[in-house]
Every structure is written in C-alpha cells, then in structure tokens.
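Participant: Okay, predicted coordinates and the sequence, questions at the end:
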Amino acid sequence: ASGQLGAELKFFFHCQLLDKSGFFMMECLFNLQTKTLLNTVKSTRPDMDQAFEQFINGVLSKFTIG
C-alpha cells in the first residue's frame with residue numbers, strides 16, 4: 001500500500017520467510033522536502049531482525065535521490 005499526505009510519501013511492505021516461519025512488515029516514510037527516509041520494521045522473528053536490517057540497508061544504499 002502507498003499514499004501521500006502533504007510532503008510525505010508513505011509505503012508499506014510485507015514479506016513472509018520462504019519456510020513460513022515468520023513475517024516482516026516495513027513502513028517507509030519519505031519526506032519530499034527534506035529528502036529523508038524513515039523506516040519502521042516489525043517482525044514475528046526478532047532473532048532475524050539484524051539480518052533483515054542489514055539486507056534492507058544494502059538494498060537502499062544502491063539508491064541516490066537527487
């Protein structure tokens with residue numbers, strides 16, 4: 001899901017682990033004026049939070065906002 005409210009874009013993403021042992025949900029808020037991104041992640045597998053965070057940071061590091 002996604003939407004815009006004022007100068008803020010909001011996106012929601014979710015995924016399930018392949019073995020169906022857990023779920024992740026991520027809310028991304030992108031401020032169009034300041035060009036900042038704020039992510040909030042929730043999961044049913046806290047033991048995998050660090051690995052998921054590293055994966056997302058790796059993906060996002062490939063993007064440049066001009």
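Facilitator: Good, I have the coordinates. Just so you know, these numbers come straight off a predicted model, no measurement behind them.
Participant: Just want the phi and psi numbers for Leu32.
Facilitator: For Leu32, the backbone dihedrals (degrees, to the nearest 10) come out as phi -70, psi -30.
Participant: Please name the nearest non-neighbouring residue to it.
Facilitator: The shortest distance from Leu32 to any non-neighbouring residue, by Cβ to Cβ, 6 or more residues apart in numbering, is to Ala7 (4.6 Å). In this view, the C-beta of every residue, glycine as well, is placed from N, C-alpha and C.
Participant: Next: Phe52.
Facilitator: Nearest one to Phe52, counting by Cβ to Cβ, 6+ apart, is Phe24 at 5.8 Å.
Participant: isn't Phe52 right next to Ser43, touching?
Facilitator: Yes: taking Cβ atoms under 8 Å as the contact criterion, Phe52 and Ser43 are neighbours in contact, 6.7 Å apart.
Participant: Give me the pLDDT for the residue at minimal distance from the centre of the chain.
Facilitator: Nearest to the geometric centre of the chain sits Met26, at 4.1 Å (Cα atoms, centre = their mean). Per-residue pLDDT puts Met26 at 93.
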